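Chemist: my questions concern the predicted model and sequence given below.
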Amino acid sequence: MAATPLDQDAEATVRQLQRSDAFEEALLDCFPDEGLVLAMPSPQHELVASACSISIEHARVLRASFALDAPHAGTALLRLQFEALLRAAWLLFAASPTHIAKLSASLGQEAEQAAKNLPSYQVMLSEVEKRAPAGLTAPLVEFNQNTRHALNSFVHTGIHPLSRHRQGYPLEQALTLVKFSNAVMHFAYRLLASLTGRQPLMDAVTHKYAEFADCLQLRS
């Protein structure tokens, strides 16, 4: 019996998610068994590592959301995943010692209040664009231009998710969103690799995308 369109859609989604999982496994295999070892342990680099790890966590849950047929939740997570990566890049290339001190402080009412004065999303992106390498900033700016408004709509239950919920979430959009997520995840792993100061590790992580070009959307 021939597969129905619905069966084919499910198979395409499963294949994409399996390849995405394999991509992350390959990235993890680039790191030593002891995990991430910072070349220069400092509050700044620890914050960068934390932001990257949070971004990667969002990527994993995003894939789980699509596997569970919860695409609206998964799409909203892509916005969180990207902002965590942006925060990591800003912390590494643009944050001042005062910013680092505020975000390194023990969580409490005073620290929470101080953190409210940190740069906004758009300010962080602008500062990263000025200070970070073009190989990182160009994809970040491109991603922001192409997806920010639609992803914000999913975060705030605006017209995009309400329309998709009524009309159905297209398979092609689901596959594209997972590819976007994989690209953002790759940059998070690249930033983590840079914190080790080990050039062979950095090169291995950077070029790993070539084996998984079928599950990536952005240029890496």
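Modeler: Arrived safely. Residues are numbered from 1 along each chain as shown.
Chemist: for the chain, what helix or strand is lowest in average pLDDT?
Modeler: Here the helix or strand of the chain ranked lowest by mean pLDDT, DSSP states H and E is helix 109-115, holding a mean of 82.
Chemist: quick check: what element follows that helix along the chain?
Modeler: helix 121-131 (DSSP states H and E).
Chemist: avg pLDDT for that following helix?
Modeler: Helix 121-131 shows a mean pLDDT of 95.
Chemist: and the contacts of that helix?
Modeler: 83, 86-87, 89-90, 93-94, 119, 136-137, 140-141, 144 (Cβ atoms under 8 Å, 6 or more residues apart in numbering). All C-beta atoms are positioned from the backbone trio N, CA, C, and that covers glycine.
Chemist: do the same with stretch 21-30
Modeler: So stretch 21-30 is contacted by 56, 59-60, 63, 182, 185-186, 189, 193, 201, 204-205, 208-209, 211-212, 215-216 (Cβ under 8 Å, 6+ apart).
Chemist: and the nearest residue to N117 once chain neighbours are set aside, which of the three is it?
Modeler: In space, and not counting its chain neighbours, N117 is closest to K102: 7.9 Å by Cβ to Cβ, 6 or more residues apart in numbering. Of the three states, K102 takes helix under DSSP: H, G, I helix; E, B strand; the rest coil.
Chemist: wait, K102 touches A115, no?
Modeler: Yes: if you go by Cβ atoms under 8 Å, K102 and A115 touch, sitting 5.4 Å apart.
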